[in-house]
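1. Model the following, please.
(2 chains)
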Number of protein chains: 2
Amino acid sequence: MRLDRPKLINVGLRSFYDSVHAQGANVAHVDWRPPAGGDPELARLLAKLDRPEIDEANKKAITKILAARPMLVGIADAKDVILGMTERTILHSGPPIEWERMSGPTKGAVWGALIYEGLAKDQTAADKLVTSGKIKFGACHDHDSVGPMAGIISPSMPVFIVENQENGNRSYSNFNEGLGKVLRYGAYEDSVIKRLKWIEKKLAPMLVDALKRSGPIDLKNIMAQALQMGDELHCRNVASSLILMKMIAPHMAETGFDKRDVDDCLKFMGDNFLFFLNPAMAACKATLDAAHGIKHSTVVTTLARNGTDFGIRLSGLGKRWFTAPAEIPKTLFFPGFTVEDANPDIGDSAIMETAGFGGFASAAAPAVVQVVGGSPSVAADYTREMGEICLAKDGSLSIPFMNFEGIPRGIDLRKVMDTGILPFINTGVAHKRPGFGTVGFGVLRAPMLCFKKALKAFAEEY
Amino acid sequence: MRLDRPKLINVGLRSFYDSVHAQGANVAHVDWRPPAGGDPELARLLAKLDRPEIDEANKKAITKILAARPMLVGIADAKDVILGMTERTILHSGPPIEWERMSGPTKGAVWGALIYEGLAKDQTAADKLVTSGKIKFGACHDHDSVGPMAGIISPSMPVFIVENQENGNRSYSNFNEGLGKVLRYGAYEDSVIKRLKWIEKKLAPMLVDALKRSGPIDLKNIMAQALQMGDELHCRNVASSLILMKMIAPHMAETGFDKRDVDDCLKFMGDNFLFFLNPAMAACKATLDAAHGIKHSTVVTTLARNGTDFGIRLSGLGKRWFTAPAEIPKTLFFPGFTVEDANPDIGDSAIMETAGFGGFASAAAPAVVQVVGGSPSVAADYTREMGEICLAKDGSLSIPFMNFEGIPRGIDLRKVMDTGILPFINTGVAHKRPGFGTVGFGVLRAPMLCFKKALKAFAEEY
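-> Residues are numbered from 1 along each chain as shown, chains lettered A, B, ... in the order given. Next up, the predicted model:
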């Protein structure tokens, strides 16, 4: 209980408060930052966006987000379902990027995918093939798809098919391989290729069969349960992976597959606490795509990174990307690795934050924030803070320790620019050199520059 | 922020504070109750228990509790492993009780068990058999066993075998049947008997085989994970059941059983969010039994109810039970039921609270307290309060939202009597008439009378 009235009120820069407070003075702090980061030109543009047609458009967008009903309806080879996927197409995470500018882990994963596809026999041959210009690259997001980390999807890879049954649109994501030396972190050695082949030849066909028996699986329902069970669904998918497994395991046992294969598949799914991440990402993509392309809407429908650039997209600005250099996350490194090893921020998995999970749902999984030195109350602060840049709280996705308040959803560019609060992201961290793999887990903010560029473009467009 | 100093301090009865506070006065409340409930004779006895040999004995007991390593090592028929189990023995929950005084659900479950065993063809025959005196009853706890609700264990029932590998002792528990019309809630119709037979003939043999393949399963480890995932492990075993399933499912697939049976078993386990409760209860029994029988120890090693009486046991007082009438829990009823339908408190499952889970770990699973109108902060208050009557916090069983503080373990009779704080229990609630089943979930406190009796007996003994 404070017994005295504050004698000073500090508005804005926290450091003033801290220094006065340290001297024992009675001082209260009010968090405030000038709109548009204090840039007068941007502040002028921002002030113009206080318009009813934008409010109206954003209302449409958030309604789409809240109403989305993403269902796992099947699994198929990428080449059979992803539009524009040819035998020589490789999709990658984040905004579009040419080969020369790709980060180490992305290059490693591309080499691995070419070996996996049988298009090259080793890294040297793969590199030659790419530099000869015979491979067509594309961003997953531009092909209704998402992939974590390097996010490589090649033609033969099996992908989850998620249908937003409220809106009719579909999204796709590849399979999660686990941690360590895995393709999505840039590793491409034999064991990586072998695992991908096993996923294609054993796991995927069994799940195709099991899914036919189980019928479509309601992914939002699983995510809602998992939020009650310590998952934030980006870096922690422990509960969600188990719930998916429990729903599908009986049907896997029913298939005609050899019992050793059923055993292997159940072990693989049970041991990979990120197994659910990929269908969850496709669910969030299918959710946000329904809110994309609404004229006048300032809702952010994509946050994605390719290991070199961070890119965002706005509902009202179609297929345009607004990019800035990707930064290195604040990371808890696995033993043997340091910040010198870390690649800049990478992956489409920030679609989880874009949809209100991950860093936005930190309070649901304080264990994740703890990884980088935070406490449960810090975790709750992040969720509260993200609420300030979002249009709504989704009561159907509630967090027990926020008194069952819903996760914040629908990032509004205007709110980001007005408050200066940047989206907070939980993420895996890749080694910067190809061939290494996972080096840790980290957290970071989306770069302000992306939002500044988007604001300028929006003001020009409307 | 309170800006004025309190003008009144209220010590003790909360109602004084409430009435003064309601009138707008500045008043602070200090929670305090007279030791031993204000009984001068008991207070005198209690004062005498402030002795170093008791402290020493309790230190031994809590060390045993914290060090316990309960492992699921196998499954067998009750008659083959439980000492004193004959072909005509029926074990029940709580303190020993004769047939005439048994509650409705216990009687219903006894009838069901006799039908299941083939000793009677229907309820009438079963009742005749019991009243003829040809059935020998015993308390599960007196046979190294525990069973939820009616807690009936009959000779042919398969039981989980849990070994405390730190101490060498073993405990047993029957299988969880799910909710609704089930034996443990006093139902005995055909579907109940059929399910028990299926457990005996299909599920148990498959799990026997699977457990041989998996090797012993570390139950404390599963409980530690589940506390991070919203389980308090008494009324909510959602995460723990999934973790056990994920560990054993691949081995179930490996067995030579028909794929339809594997499918059935996986569905049964996956759909029953209390499946893990029974092995967890055996784990807690094996943990507390290791701390039982230590001379001079005032540690409570059993809280158990038979639907008529609530009974407790003390480490230092051997096999003696201290009983009081069982009360009716504060219940959230399933549709169609009211307090008129509720049986008094029943089951050995309060072994979970005795070991620091359930109501003691409320903060891990606010969803459970919410069931009876509480909020997450109320849940945390219960856990903090239970800490006041316990000897230690177990850092290996931590609760994220208590800043990763461990669950309170080792209830000390002296602390209960000194503070007047009674153990807080989460529980299932049975219909008071045989044949009905589950009517809701509730919470309640252990009765003070048990502790008063134990204190008197302890003072006489030592």
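
2. Just the element for A:G406, please.
-> strand A:405-411 (DSSP states H and E).

3. Count the neighbours of A:E98 for me.
-> By other CB atoms under 10 Å in any protein chain shown, 8 other residues sit near A:E98. Every residue, glycine included, has its C-beta placed from N, CA and C.

4. circling back: might you calculate how far the strand holding A:G406 sits from the centre of the chain?
-> 15 Å (CA atoms, centre = their mean, to the nearest Å).

5. What residues sit buried inside the helix or strand following that strand?
-> Later in the chain than strand A:405-411, the nearest helix or strand by DSSP H and E is helix A:413-419. Using 16 or more other CB atoms under 10 Å in any protein chain shown as the test for burial, helix A:413-419 gives A:413-418.

6. Now for A:T427: which residues touch it?
-> A:234-235, A:329, A:345-347, A:349-350, A:441-444 (CB atoms under 8 Å, 6 or more residues apart in numbering or on different chains).

7. tell me which parts of the stretch 101-250 of chain A are close to chain B?
-> Counting by CB under 8 Å from any CB of the partner chain, the stretch 101-250 of chain A comes close to chain B at A:228-230, A:238-239, A:242-243, A:245-247, A:249-250.

8. which residues of chain A score low on pLDDT?
-> A:1-32 (pLDDT under 70).

9. how about a cut-off of 90?
-> Applying pLDDT under 90 to chain A picks out residues A:1-39, A:179-180, A:256, A:366-377, A:401.

10. Using the record's assignment, carve it into domains.
-> A:8-32, A:40-65+A:288-461, A:69-282 (automatic domain parsing).

11. And the longest one, end to end?
-> In terms of CA to CA, to the nearest Å, the two terminal residues of domain A:69-282 are separated by 12 Å.

12. how about the strands of the stretch 201-350 of chain A, start to end?
-> Secondary structure of the stretch 201-350 of chain A (DSSP state E, counting those that start in this stretch): strands located at A:217-218, A:300-306, A:309-314, A:322-325, A:330-333, A:346-347.

13. Which residues lie in contact with A:P105 in this structure?
-> When contacts are counted by CB under 8 Å, 6+ apart, A:P105 touches A:149-150, A:184-186, A:307, A:343, A:346, A:430-432, A:434, A:436.

14. tell me which element it is part of?
-> helix A:104-116.

15. one step back: by neighbours, which of the contacts of A:T427 wins?
-> Compared across the contacts of A:T427, A:I346 has the highest neighbour count, 36 neighbours, by other CB under 10 Å.

16. how much space between it and chain B?
-> Per CB to the nearest CB, to the nearest Å, A:I346 is found 28 Å from chain B.

17. which residues sit in contact with that residue?
-> Applying CB under 8 Å, 6+ apart, the residues contacting A:I346 are A:93-94, A:103, A:105-106, A:149-150, A:305-307, A:326, A:427, A:430.

18. Show me what the longest strand belonging to chain A is packed up against.
-> Ordering each strand of chain A by length in residues (DSSP state E) puts strand A:390-399 first. With contacts defined as 3 or more CB pairs under 8 Å, 6 or more residues apart in numbering or on different chains; DSSP states H and E, strand A:390-399 has these neighbours: helix A:52-67, helix A:219-227, strand A:405-411.

19. Quick check: which of these is buried the most?
-> strand A:405-411 (a mean of 25; mean count of other CB atoms under 10 Å in any protein chain shown).

20. Is there proximity between it and chain B?
-> No. Using CB under 8 Å from any CB, strand A:405-411 stays clear of chain B, with a minimum separation of 10.5 Å.

21. partners of that strand, with directions?
-> strand A:390-399 (antiparallel) (DSSP bridges).

22. ok and the strand it pairs with relative to helix A:219-227, angle-wise?
-> Per axes from the mean of the first three to the mean of the last three CA atoms, to 10 degrees, the angle that strand A:390-399 makes with helix A:219-227 is 70 degrees.

23. For strand A:390-399, list every residue counted as buried.
-> Buried residues in strand A:390-399 (16+ other CB under 10 Å): A:390-394, A:397-399.

24. Could you measure from the residue nearest to A:A283 when sequence neighbours are not counted over to chain B?
-> Excluding its sequence neighbours, the residue lying closest to A:A283 (CB to CB, 6 or more residues apart in numbering or on different chains) is A:P70, at 3.6 Å. As judged by CB to the nearest CB, A:P70 and chain B stand 22 Å apart.

25. Correct me if wrong: A:P70 contacts A:V162.
-> Yes. Judged on CB atoms under 8 Å, A:P70 makes contact with A:V162 at a distance of 5.1 Å.
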